[in-house]
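S.K.: next come a sequence and a model predicted from it.
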Amino acid sequence: MDYRIISIGTLSHHELWPVEATARTAHATTTLIRSSGHTILVDPALPKQVLVARLAERAGIGPSEVTHVFLTNFRPAHRWGLPAFTDARWLISEMERETIGKHLVEQLQESQDRPTQDVLKQEIALLNRCEAAPDRLADQVDLFPLPGYTQGTCGLLLSQMNSTALIAGDAVATEEHLNQGRVLRGALDVAQARESLTEVVEIADVIVPGHDNVLLNPTRHRI
């Protein structure tokens, strides 16, 4: 099993930076995992054309070679590039699929606005294309629920011989959030998000955050 970062994500506005100029379009960190014949792309967050180019640059592959796409949550910033991977299986945690699906259907039933209804129908169709992920996606690649930011936020635990890596999604947003023990603003359940952050720190040697470059766990790696 091996993994690599395809694209480093960013927040639209970094809440823990003292000064920041203009906001930008948020996108999540995208990771590629290869294990036991599976090629898994986690959070395809860049627009389709950009992500296809980045895959070629960083891994030498095209979208047809991706066998599975995994979303750590269903927020748009984690899935801008999904349309590039029509041949892959799209996976998401069962909890995220159920809770987001229920919410979207309720919004659709309550909406009286036609354009809003059209958008909601597109979102529902996209979610219906996603399958509930199994507990193990491939050898050494296991689901790791990290609820709090959304009810079904879920990471992937990558077990290697001498270390454990965790693709944490929005449970650990950036290096600053990790170092300051802070959860991402806008979390659905702040207390639960804090528990998930603590769990990441307790188990992972290496952390792939939701919107930053790969990090060494500061509690285990000190200079």
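M.R.: Sure thing, it's come through. Please read all numbers here as calculations on a predicted model, not as lab measurements. Numbering: from 1, shown residues only.

S.K.: list the buried residues for stretch 110-127?
M.R.: Neighbour counts using 16 or more other Cβ atoms under 10 Å place 120, 123-124, 126-127 of stretch 110-127 among the buried residues. To be clear about C-beta, it is placed using only N, CA and C from the backbone, and glycine gets the same treatment.

S.K.: which non-adjacent residue is nearest the residue nearest the centre of the chain?
M.R.: The centroid of the chain falls nearest to Thr72 when counting by Cα atoms, centre = their mean (3.4 Å). In this structure, Thr72 finds its nearest non-sequential neighbour in Gly169, 2.9 Å apart by Cβ to Cβ, 6 or more residues apart in numbering.

S.K.: coming back round to it: mind checking which of the buried residues of stretch 110-127 land in helices?
M.R.: Counted as lying in helices by DSSP state H, out of the buried residues of stretch 110-127, are 120, 123-124, 126-127.

S.K.: could I get those as a markdown table with distance to Thr39 and pLDDT?
M.R.: What follows is these, written out as a markdown table (distance: Cβ to Cβ, whole Å; pLDDT from 0 to 100):
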| residue | distance to Thr39 | pLDDT |
| --- | --- | --- |
| Leu120 | 32 | 96 |
| Glu123 | 26 | 96 |
| Ile124 | 28 | 97 |
| Leu126 | 21 | 96 |
| Leu127 | 23 | 97 |
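
S.K.: from these, pick the one nearest Asp87.
M.R.: The shortest approach to Asp87 among these belongs to Leu126, at 16.2 Å (Cβ to Cβ).

S.K.: what backbone torsions are found at the nearest residue to that closest one once chain neighbours are set aside?
M.R.: Excluding the flanking residues, the one nearest Leu126 by Cβ to Cβ, 6+ apart is Leu82, at 7.1 Å. Leu82 adopts backbone torsions of phi -50, psi -40, taken as degrees, to the nearest 10.

S.K.: next one: the one 5 residues further on
M.R.: Here the main-chain torsion angles of Asp87 (degrees, to the nearest 10) amount to phi -90, psi -10.

S.K.: gap between it and Ala132?
M.R.: 20 Å (Cβ to Cβ, to the nearest Å).

S.K.: for Lys121, same thing?
M.R.: Lys121 is 21 Å from Ala132, where distance means Cβ to Cβ.

S.K.: again, but for Arg79
M.R.: From Arg79 across to Ala132, the span is 16 Å (Cβ to Cβ).
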